[in-house]
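Enquirer: missing the sequence, but the structure's below:
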């Protein structure tokens, strides 16, 4: 779970690659490869809205929703009938990442932020994919499809509704 959260925190705030982007909706495929080349692939859809709101809904291989709003993350796992609610100590600053991004070649950028290197592939002013190593030295790739930028998204979509019969773990 921690690997997934690290990836989400990065992408949640990176969606604005350009200061004029206020919202993003996209389908995604997230692939995490560890040092033994074991791979896990997640699929789903995500919503993001400035300043600090995101929803990542995973549909494969398991159903899971991750809500990020301000400095709180809520993970709802229906198969486990549980929700995890955590306060985030820090978030990734999109403007700092973008300020450090350097164009390497057409459509390819590299950014350094908090001693991490991020490779961003753009296509027609849209984020095509992001590649980086997470805190566990796993190789993470997130590919975005079917993007919709700057469409109205109601704030209520970023509010987690935890079923009454779910166990709630607060950290």
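Expert: Happy to help now that I have it. These numbers come from a predicted model, not from an experiment.

Enquirer: return the distance of stretch 50-59 from the chain's centre.
Expert: 7 Å (C-alpha atoms, centre = their mean, to the nearest Å).

Enquirer: oh, I was asking about stretch 152-164
Expert: Here stretch 152-164 is found 17 Å from its chain centre; the criterion is C-alpha atoms, centre = their mean.

Enquirer: now swap in stretch 134-147 and tell me
Expert: Chain-centre distance of stretch 134-147: 8 Å, with C-alpha atoms, centre = their mean.

Enquirer: go on, stretch 72-92?
Expert: With C-alpha atoms, centre = their mean, you get 13 Å for stretch 72-92.

Enquirer: for this structure, which segments are assigned as helices?
Expert: Under the criterion DSSP state H, the chain contains helices at 2-14, 94-100.

Enquirer: tell me which residue of the protein is furthest from the middle?
Expert: Distance from the C-alpha centroid of the chain peaks at residue 165, with 27.5 Å (C-alpha atoms, centre = their mean).

Enquirer: skipping adjacent residues, who's closest to that one in space?
Expert: Nearest residue to residue 165, sequence neighbours excluded (C-beta to C-beta, 6 or more residues apart in numbering): residue 81, at 6.7 Å. The way it works is simple: take the backbone N, C-alpha and C, and place the C-beta from them, glycine included.

Enquirer: one more: residue 55?
Expert: residue 47 is the one closest to residue 55 (C-beta to C-beta, 6+ apart), at 4.6 Å.
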